[in-house]
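# generate coordinates for the sequence data below:
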Amino acid sequence: MKKKIILLTILILTLIAGNTYAQLPFMVKDINPGFQSSLSSNLTDVNGTLFFSSFNGSDGLELWKSDGTTSGTLMVKDINAGANNSQPIFLANINGVVFFQADDGIHGQELWKSDGTDSGTVMVKDINTGLVGSNPSYLTNVNNNLFFTAYTETEGFELWKSDGTSAGTLKVLEINPSSASSFPNNLVNINGTLFFSANNAINGNELWKSDGTSVGTVMIKDINPVFNSNGIGSYPFLTNINGILYFVAEDGISERELWKSDGTPGGTLMVKDINPGANSSVPWGLINSNGTLFFVATDGVSGEELWKSDGTEVGTTMVKDINPGLNSSNSSILTNVDGVVYFRALDATNGVELWKSDGTTSGTVLVKDINPRSSWSEPNEFTNVNGIVYFYALDPIAGQELWRSDGTEAGTYRVIDISIGANSSSPDNLKNVNGKLFFIANNNKGRELWTWNLTTSIVQNYADESDLSIYPNPTNGNFKINAYSNAINKIEIYNTLGENIYTISNASQQTFFDVDLLSYPKGMYFVKLYNKSKMYSKKIILH
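The predicted structure follows:
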């Protein structure tokens, strides 16, 4: 027999629990029916329920929630009634309640909260009365209390806090005592203390902290003592590592460099002048990977490359010169996955591809050249689900689609071609909610919410032709299944919406089947074969 054609295959191996089997990614719900997009975004995990903003075509952009099922995906409340948009943004989980900014058409953009019910979705407080809202932002959980930045006409943008009640929603301190704003930003929780940057109109934009009281809200240090200078500017890289804040600052002698703070003036100091003198190392992308700081910087010799730090000068070193010499690797999207840093980088050969690092030079390697021959796959939105990194990337066969990696080349592959062929489904907004991967993608019916339950799935490439084959593939609709020695109990075929379109319930332990799908639309389908202990899944293309 001629060599069997196995194209773009996936094996899903699952332990049986009753009659439940793992599924492939599927569209949760066509929220805005037809070919229009639901404009879903702001995906946020609130104690195992996904909250997000979405548009169903009639009620405007409103607050929605989903448990990963069609019936459990619904609008929470039409906050701005009718076709108007309430535009929920900056969603934050505070002790199981989602807080967010929204506009009901009367009060402007104000602070709201929701417990997931219509009646439990209410405005917390009209902070800036009238049609011009307070625009609450940087919503941050500190000991189950909400800290945020809000605007009033008399005081500008200042630091506020809320316990979820109107009476308990208060300005913490007018840091800039005038109608001008102190613009608190980059809010981060360090062991129950809020750290942030703000401008009091005297010292410039500097490092502050707050315990939620006015007297406990203080500037930690005037890092750049020149009048009204920008010590930490507006660099959004405040990062907590073992109770120590790492950030980027300039002191008037050295330009932008790596700093740290324990919350005291004496404990707030530059870690290392990586690019000495008046030059800047431009540290950015700071992340915590199991207690080690990883970031991107340039020492003036090697370009922008991957660095790490243990908080000491001697322990702050370049991990690897990925793109040698003055060239930069453009390393970015640094993401910790169980102590391994995944990121994308550019070397001299492969374009922008998927890399990983354990913090050593030898352990910093290209995982896979997804889009070969100097093309770029530009992987993005790395998301950890059970120790596997999921992301989207561009390849020459399927366009921009959903990928996964276990850190090996063989274990790095495209999960599904949602938009058949070279067209891209362009998945984004990847979010892990208790082992379910949620994301937004376009299957030629507009951009909608998709999910994949990975709590019991073990997913890997299927490469062994001796176990199972489907041929020809692609097919005109008539194809054969040969399971060889794997006797089959049941066959199911699904479309890309997750709908079962073909079933043989009692396969009588056969191993060879002829299947006829000539009457079905062209496109991608998934054939699932069940035996006593396993479920095999293969992709089939009808053309």
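
# wait, Asp262 sits on Leu269?
No: applying Cβ atoms under 8 Å as the test, Asp262 and Leu269 come out as separate, 9.6 Å apart. (Glycine included, C-beta is placed from N, CA and C.)

# can I get stretch 468-481 in CSV? Just the C-alpha atoms.
C-alpha atoms of stretch 468-481 as CSV (Å, rounded to 0.1, in the frame of the first residue of the first chain):
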residue,chain,number,x,y,z
LEU,A,468,-4.1,4.7,13.1
SER,A,469,-4.6,6.3,9.7
ILE,A,470,-7.3,8.1,7.8
TYR,A,471,-6.9,8.3,4.0
PRO,A,472,-7.0,10.0,1.6
ASN,A,473,-6.7,13.3,3.5
PRO,A,474,-7.6,15.8,2.2
THR,A,475,-10.6,14.0,0.7
ASN,A,476,-13.6,14.8,-1.4
GLY,A,477,-15.8,13.2,1.2
ASN,A,478,-15.2,9.5,0.7
PHE,A,479,-12.4,8.2,3.0
LYS,A,480,-11.2,5.2,4.9
ILE,A,481,-10.3,4.7,8.5
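
# output the lowest mean pLDDT helix or strand found in this protein.
strand 11-14 (a mean of 29; mean pLDDT, DSSP states H and E).

# what does the helix or strand that that strand is followed by rub up against?
Next along the chain after strand 11-14, taking DSSP states H and E as the criterion, comes strand 26-29. Residues outside strand 26-29 that contact it (Cβ atoms under 8 Å, 6 or more residues apart in numbering) are 66, 68-70, 73, 438, 441, 443, 445, 448-452, 494, 496-498.

# are any of those buried, and which?
Among these, those scoring as buried are 66, 68, 73, 438, 441, 443, 445, 448-452, 494, 496, 498 (criterion: 16 or more other Cβ atoms under 10 Å).

# from these, which single one is nearest Ile416?
Distance to Ile416 across the buried ones among the contacts of strand 26-29 (Cβ to Cβ) is lowest for Thr496, with 7.6 Å.

# now the closest one: which helix or strand?
Per DSSP H and E, there is no helix or strand for Thr496.

# how close does it get to Tyr525?
8 Å (Cβ to Cβ, to the nearest Å).

# do the same with Ser357
Distance, Ser357 to Tyr525, using Cβ to Cβ: 39 Å.

# and the two? Which one has more around it.
The neighbour count for Ser357 versus Tyr525, taken as other Cβ atoms under 10 Å, is higher for Ser357 (23 against 19).

# who does that one bridge with?
With DSSP bridges as the criterion, Ser357 is bridged to Val341.

# correct me if wrong: it contacts Val296.
No: using Cβ under 8 Å as the test, Ser357 is too far from Val296 to be in contact (11.7 Å).

# any residues in contact with both of the two?
Common contacts of Ser357 and Val296 (Cβ under 8 Å, 6+ apart): Leu306.

# looking at His543 now. What's its pLDDT?
If you check His543, the pLDDT there is 84.

# run a quick neighbour tally on it.
If we define neighbours as other Cβ under 10 Å, then His543 has 11 of them.

# same question for Lys113.
A total of 20 residues lie near Lys113 under the criterion other Cβ under 10 Å.

# quickly list what it is bridged to.
With DSSP bridges as the rule, Lys113 is bridged to Phe99, Val122.

# now do the helices in the protein.
Along the chain, no segments are classed as helices by DSSP state H.

# so where's the protein shaky on pLDDT?
Applying pLDDT under 70 to the chain flags residues 1-23, 374, 456-467, 485-486, 497-498, 506-509, 531-535.

# how near is Glu110 to Val367?
In terms of Cβ to Cβ, Glu110 sits 45 Å off from Val367.

# which ones are touching Glu174?
Glu155, Glu158, Ser182.

# dump the residues you listed into a markdown table; add neighbour count and distance to Thr44 as well.
Shown next, in a markdown table, are those (neighbours: other Cβ atoms under 10 Å; distance: Cβ to Cβ, whole Å):
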| residue | neighbour count | distance to Thr44 |
| --- | --- | --- |
| Glu155 | 19 | 29 |
| Glu158 | 21 | 25 |
| Ser182 | 25 | 27 |
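
# do you know how far the spatially closest residue to Ala398 that is not a sequence neighbour is from Leu529?
Distance criterion Cβ to Cβ, 6 or more residues apart in numbering; nearest residue to Ala398, sequence neighbours excluded, is Asp417 at 4.2 Å. Distance of Asp417 to Leu529, computed by Cβ to Cβ: 20 Å.

# equivalent analysis for Gly311, please.
From Gly311 to Leu529 the distance is 54 Å (Cβ to Cβ).

# settle it for me: which of the two has more neighbours?
Counting neighbours by other Cβ under 10 Å for Gly311 and for Leu529 shows that Leu529 has the greater number, 23 against 17.

# wait, that one touches Ile481, no?
Yes: checked against Cβ under 8 Å, the pair Leu529 and Ile481 is within contact range at 6.9 Å.

# give the residues shared as contacts by those two.
Common neighbours of Leu529 and Ile481 (Cβ under 8 Å, 6+ apart) are Leu468, Ile488, Ile491.

# scan these and report the most crowded one.
Busiest of the shared contacts of Leu529 and Ile481 [other Cβ under 10 Å] is Leu468, holding 23 neighbours.

# doesn't Ile488 make contact with that one?
No: in this structure, Leu468 is not within contact of Ile488 by Cβ under 8 Å, at 9.4 Å.

# what is Asn380 paired to in the beta sheet?
On the basis of DSSP bridges, Asn380 is bridged to Tyr392.

# now swap in the one 4 residues further on and tell me
In this entry, Asn384 is beta-bridged to Val389, by DSSP bridges.

# quick check: Gly168 vs Ser162, distance?
Distance from Gly168 to Ser162, by Cβ to Cβ: 6 Å.

# neighbour count: the two, which is higher?
Ser162 (24 against 13).

# that one against Lys171, yeah?
No: Ser162 sits out of contact with Lys171 when judged by Cβ under 8 Å, with a separation of 10.6 Å.

# which residues of the stretch 401-543 of the chain fall in strands?
Along the stretch 401-543 of the chain, counting by DSSP state E, counting those that start in this stretch, strands occupy 412-416, 428-433, 436-442, 447-453, 457-460, 469-471, 478-482, 490-494, 500-504, 512-516, 523-530, 535-542.

# let's have those strands in a markdown table, adding distance to Phe227.
Conversion of these to a markdown table gives the following (distance: least, Cβ to Cβ, whole Å):
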| stretch | distance to Phe227 |
| --- | --- |
| strand 412-416 | 53 |
| strand 428-433 | 43 |
| strand 436-442 | 47 |
| strand 447-453 | 49 |
| strand 457-460 | 58 |
| strand 469-471 | 73 |
| strand 478-482 | 76 |
| strand 490-494 | 67 |
| strand 500-504 | 70 |
| strand 512-516 | 78 |
| strand 523-530 | 64 |
| strand 535-542 | 65 |
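
# still on that earlier bit, overlap in contacts, Leu468 and Ile488.
Common contacts of Leu468 and Ile488 (Cβ under 8 Å, 6+ apart): Ile481, Leu529.
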